[in-house]
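Colleague: Next one to model:
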Amino acid sequence: MIWSVAAALMGLLALSIPVGIVLFLLGFGIDQFFTPFPLLRGLGQVVWSASNSSTLIAIPFFVLLGEVLVRGGVAEKTYASLDKWFSWLPGGLIHANIGTATMFSATSGSSVATAATVATVAMPQAERLGYDPRLFSGAIAAGGTLGILIPPSINLIVYGFLTETSIPRLFLAGLLPGLLMALAFVVVTAILCKIRPGLGGVSRSFTWGERLASLTQLVPIMILFTTVIGSIYAGWATPTESAAVGVAIALAIAAAHGGISGRMMRESLLGTIRITAMIMLVIAGAYFLNFTLASAGLGRELQDLLGGLNMSPLGTLLVVIALYIVLGFFIETLSLMVATIPIIVPVMAGLGYDKVWFGILMIVLVEMALITPPVGLNLYVVQGARKSGRMTEVMLGTIPYVLVMLAMVALLVLVPDVALFLPDSL
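Modeller: As a prediction, the model looks like this:
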């Protein structure tokens, strides 16, 4: 059954069928061919259970928060401010790309939205100042991936919901690895541009007065992040409640920047509806597939298969890591997560691995899927913002950052406390 389900999954995705529909079709197939029980009769109850959760209300709120910031004119001023702080480093504006992506990752919860925001603002600067298009665009694509790791993260909410894992603990666990990766992106960029100055533009210096004056553009974003995340860990609000508060603050920030209009609100709400509907269809499909897989005994079959390999828990983990790297070449991130969580997470938990730690490891692995061809969404987003040049330039530019992600995977395996220190301490 394992190989049949895997082959069916890859085949249906290759036909460009929407992922949510693919998950339902796989559930129907398992019901028809692998179990004598009438599992289809439970479809209504399973779909209702998947959508009847107050936790999931946080998803449209966080999506709306990001939409408001993106469309409210906040990105341009944030980018200009970070330019004054980071452009003295080897690589110049490339560091502003990474810094802006990191800040928007801490508010939007979406990697694609983060990459699109930074690319729209930054690309005209690259063409005007003569930056190497490969590293410049690659840094934007890689920086955007932080949107699903640094809290608040929509993907972490989905993982927590499907695995019944504490979302506040997941948010805390993703914070330190996300910041470390952002710092590593900056360091790697500076080293590359120091070795080959032609990769970066001219380093520029600004007075301390100009830098301090620019902080007025960063303070609102910091207040937003502190309020959203701090209210959760202070026990003042649930993730859903903090997301609602975050939307209100984002609207105030956009209004202060003069970005509120009827058109802006209409586009923000429509964008939220489209993204949320897609996510909820995928979640409902994953819930039904999880129900049919468990009822048909796939979990036991997979455990028997892995047990038959006579591998240690570490060996099994390395196999799973390799599996995610390969699948990431062909499957989009959220789809990859919901299609594999029902199968992989129970096995890893049975081997004694912490579900919070494994969730962060999985997020880093699927982050790579965003910037590895042929399906890396961030590659297409950045290329679309460039409006010139070849896609291969963006792909080549992401290679140093893919290596950073692999290094983070190794660090998480060798030092699990990188992810678990904050949730265990707080």
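Colleague: Phi and psi next, for the residue most central in space within the chain.
Modeller: What sits nearest the mean C-alpha location of the chain, by Cα atoms, centre = their mean, is I148, with 2.2 Å. Here the main-chain torsion angles of I148 (degrees, to the nearest 10) amount to phi -100, psi 0.
Colleague: For S268, see how far away the residue nearest to it when sequence neighbours are not counted is.
Modeller: Among residues not flanking I148 along the chain, N155 sits closest, at 4.2 Å (Cβ to Cβ, 6 or more residues apart in numbering). Every C-beta, even on glycine, is put in place using the N, C-alpha and C of the backbone. Using Cβ to Cβ, to the nearest Å, we find N155 at a distance of 21 Å from S268.
Colleague: Next: A277.
Modeller: For A277, the distance to S268 - Cβ to Cβ - is 15 Å.
Colleague: same deal with A8?
Modeller: Distance of A8 to S268, computed by Cβ to Cβ: 38 Å.
Colleague: C-terminal to the worst-scoring helix or strand of the chain on mean pLDDT, what's the next element?
Modeller: In the chain, the helix or strand scored least confidently by mean pLDDT, DSSP states H and E is helix 298-308, which has a mean of 66. Past helix 298-308, heading to the C-terminal end, the next element that is a helix or strand (DSSP states H and E) is helix 313-327.
Colleague: ok now the next helix or strand after that next one, how far from the chain's centre?
Modeller: On the C-terminal side of helix 313-327, the closest following helix or strand by DSSP H and E is helix 333-350. In terms of Cα atoms, centre = their mean, to the nearest Å, the centre of helix 333-350 is found 16 Å from the chain centre.
Colleague: who does helix 333-350 touch, helix- and strand-wise?
Modeller: Counting contacts by 3 or more Cβ pairs under 8 Å, 6 or more residues apart in numbering; DSSP states H and E, helix 333-350 packs against helix 19-33, helix 154-163, helix 262-296, helix 298-308, helix 313-327, helix 355-369.
Colleague: Could I get the ones you listed in CSV, plus columns for mean neighbour count?
Modeller: CSV is the format used below for these (neighbours: other Cβ atoms under 10 Å):
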stretch, mean neighbour count
helix 19-33, 19
helix 154-163, 23
helix 262-296, 19
helix 298-308, 14
helix 313-327, 15
helix 355-369, 24
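Colleague: Any idea how many residues pack against P124?
Modeller: Here the count is done by other Cβ atoms under 10 Å, and P124 has 10 residues near it.
Colleague: and the helix or strand it falls within with helix 262-296, angle?
Modeller: Following DSSP H and E, one finds P124 within helix 111-129. In terms of direction (axes from the mean of the first three to the mean of the last three Cα atoms, to 10 degrees), helix 111-129 departs from helix 262-296 by 130 degrees.
Colleague: what comes up buried for stretch 400-417?
Modeller: For stretch 400-417, burial by neighbour count (16 or more other Cβ atoms under 10 Å) applies to 400-402, 404-405, 408-409, 411-412, 416.
Colleague: P342 reaches I283, doesn't it?
Modeller: No: in this structure P342 lies outside contact range of I283 using Cβ atoms under 8 Å: 11.7 Å.
Colleague: joint contacts of those two?
Modeller: Each of L162 lies in contact with both P342 and I283 under the rule Cβ atoms under 8 Å, 6 or more residues apart in numbering.
Colleague: in the stretch 251-400 of the chain, which ranges drop under the pLDDT threshold?
Modeller: Applying pLDDT under 70 to the predicted model, the residue ranges of the stretch 251-400 of the chain that meet it are 298-300, 302-309, 332, 374-375, 387.
Colleague: repeat that for 90
Modeller: Low-confidence regions of the stretch 251-400 of the chain, defined here as pLDDT under 90, cover residues 251-265, 267-313, 315-316, 319, 323-352, 366-398.
Colleague: circling back: so which of the helices and strands packed on helix 333-350 gets nearest P423?
Modeller: For these, the distance to P423 is smallest for helix 355-369, at 6.1 Å, taking Cβ to Cβ.
Colleague: what distance separates that closest one from the centre of its chain?
Modeller: Its chain's C-alpha centre lies 9 Å from the corresponding centre of helix 355-369 when counted by Cα atoms, centre = their mean.
Colleague: Repeat that for stretch 54-67.
Modeller: Between the mean C-alpha position of stretch 54-67 and that of its chain there is a distance of 14 Å (Cα atoms, centre = their mean).
Colleague: Then stretch 313-323?
Modeller: In terms of Cα atoms, centre = their mean, the gap separating the centre of stretch 313-323 from the centre of its chain is 22 Å.
Colleague: list the helices and strands the strand or helix carrying G66 packs on?
Modeller: G66 belongs to helix 58-71 when elements are defined using DSSP H and E. Under the contact definition 3+ Cβ pairs under 8 Å, 6+ apart, helix 58-71 sits against helix 93-108, helix 111-129, helix 154-163, helix 239-256, helix 262-296.
Colleague: Looking at the ones you listed, spot the one closest to V74.
Modeller: Proximity to V74 (Cβ to Cβ) singles out helix 239-256 among the helices and strands packed on helix 58-71, at 6.0 Å.
Colleague: and the closest one with helix 262-296, angle?
Modeller: Taking the same axes, to 10 degrees, one finds that helix 239-256 is oriented at 160 degrees with respect to helix 262-296.
Colleague: What are the buried residues along helix 239-256?
Modeller: Taking 16+ other Cβ under 10 Å as the basis for neighbour counts, the residues of helix 239-256 that come out buried are 239-247, 249-251, 253-254.
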